[in-house]
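Undergrad: I'll drop the sequence and a predicted model, then ask my questions.
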Amino acid sequence: MSDNPKVAAVQMASGPNATANLIEAERLISVAAKAGAGLVVLPENFAFMGKQDKDLLHLAEPDGQGQLQDFLAKTANRYGGWIVGGTIPLQSADPGRVRSTSLIYNAQGGRVARFDKSHLFDVVLPDADERYQESATIEPGDQSPVVDTPFGRLGVLICYELRFPET
C-alpha cells in the first residue's frame, strides 16, 4: 500500500478492552489498505479508552516494547503501508503518569518517529460542572518531529494541540 499516495483517517469508538480495540483497528486498517490507502492515521486513544484517566497507567508500555507497539509495527508490515499510531500510553519518568505518544511506522514495520503530546487539556467548565485534567495522568513531551515520508513531510499533533500553531 505504501506506493499509493492515498491517506486514510480512521474513526473508531475505543473502549476499555485493548484487545478488542486492536482487533477493530486492524479491521479498519485492512479496509483502508484494500481501498488503496498507503498511509493510515489512527485516532487518539485508539487502543484504549479507560473509564478513568488513571487506567492508562496499567496499560503503559516501556518505549520500544509491548503489545501496542508490536501491533503497530506488525500491522504496518502486514499491510505494507505507513501507520500513524494515534496515541498509546508509554511509561514516563514519573511512575504516576504516562506519555500520550503517537508513533509512526513505515511500510516495513520500522518505527520512524515518536511524538509525545505536549499541550495537555486541563480545563474547568463551571456551568457544566465538568473538569478535565490530562496533566494529572499525562507527562507532557517537548519535541515536535517532522518526518519525510513517501506522502510528503509529515508533522504530528494530537487533538488539543491544533490550538497551538507554534508546535
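TA: That came through fine.

Undergrad: Give the rounded mean pLDDT of the helix or strand harbouring N21.
TA: According to DSSP states H and E, N21 maps onto helix 18-34. Helix 18-34 carries an average pLDDT of 97.

Undergrad: Starting from that helix, tell me the next helix or strand along the chain.
TA: Next along the chain from helix 18-34, counting by DSSP H and E, comes strand 37-41.

Undergrad: What strands line up against that following strand, and which way round?
TA: Sheet pairing here is set by DSSP bridges, and for strand 37-41 it gives strand 6-9 (parallel), strand 82-84 (parallel).

Undergrad: hmm, back to that, list the buried residues for the helix holding N21?
TA: Across helix 18-34, burial judged by 16 or more other CB atoms under 10 Å covers 18, 21-22, 24-25, 28-29, 32-33. Where you see a C-beta, it was placed from the backbone N, CA and C, and this is true even at glycine.

Undergrad: Please identify the deepest-packed of the strands paired with strand 37-41.
TA: strand 82-84 (a mean of 26; mean count of other CB atoms under 10 Å).

Undergrad: how far does that strand sit from the chain's center?
TA: How far strand 82-84 lies from its chain's middle: 10 Å, per CA atoms, centre = their mean, to the nearest Å.
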